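Undergrad: the following comprises the amino acid sequence and a computationally predicted model.
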Amino acid sequence: MADPRVSVLFVCVHNAGRSQMAAAWLTHLSEGRIEVRSAGTLPAKDINPQAVRAMDEVGIDLTGQRPALLDAEAVQASDFVITMGCGDTCPIFPGKTYLDWDLPDPAGADLDTVRAIRDAIKSRVENLIAEVETLHLSRS
């Protein structure tokens, strides 16, 4: 049986900072009501250590996460595709809702900058949850 939850995919270039923080926030704040994925068009080897530290400060552990390569199946399986700086490299499929979040890349940034990015992502994720849940109710 297919998963009845709305699914969100976060995509950035390296899948090591923004998309990982966004996926972690959505997983945490939605309490399992939304299926969450993240991937990168050119995934890094490891998660950005500043992103790990910044999320740890708010009680969210990213240490077990690994960057993943974006594939067409992940896009096809998602209702919402949120891109963050990956340009035109994300595959486009009809029937998906695409949003582009213009957020700075935390790669090489100091912890204070990464905290600001983390907090901006949290705010966007909170708004996204409301949008996703409205869509889910309209499908019911």
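TA: On my side now, so go ahead.
Undergrad: burial count for the closest residue to residue 78 other than its chain neighbours?
TA: Once its chain neighbours are removed from consideration, residue 78 has its nearest residue in residue 9; the separation is 3.8 Å (C-beta to C-beta, 6 or more residues apart in numbering). Every C-beta, even on glycine, is put in place using the N, C-alpha and C of the backbone. Burial measure for residue 9: 25 neighbouring residues, criterion other C-beta atoms under 10 Å.
Undergrad: residues in contact with residue 66?
TA: With contacts defined as C-beta atoms under 8 Å, 6 or more residues apart in numbering, the neighbours of residue 66 are 46-47.
Undergrad: mind checking how far it is from residue 123?
TA: The spacing between residue 66 and residue 123, counted by C-beta to C-beta, to the nearest Å, is 26 Å.
Undergrad: same check on residue 5?
TA: Between residue 5 and residue 123 the distance, using C-beta to C-beta, works out to 22 Å.
Undergrad: now swap in residue 71 and tell me
TA: If you measure residue 71 against residue 123 using C-beta to C-beta, the figure is 29 Å.
Undergrad: residue ranges of the helices in the protein, please?
TA: Secondary structure of the chain, counting by DSSP state H: helices at 18-30, 49-56, 72-76, 111-139.
Undergrad: could these go into TSV alongside distance to residue 62, mean pLDDT and mean neighbour count?
TA: As requested, the helices of the chain are arranged in TSV below (distance: least, C-beta to C-beta, whole Å; pLDDT from 0 to 100; neighbours: other C-beta atoms under 10 Å):
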stretch	distance to residue 62	mean pLDDT	mean neighbour count
helix 18-30	6	97	25
helix 49-56	5	98	20
helix 72-76	19	91	14
helix 111-139	11	89	16
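Undergrad: now residue 14. Nearest residue, chain neighbours left out?
TA: Excluding the flanking residues, the one nearest residue 14 by C-beta to C-beta, 6+ apart is residue 44, at 4.0 Å.
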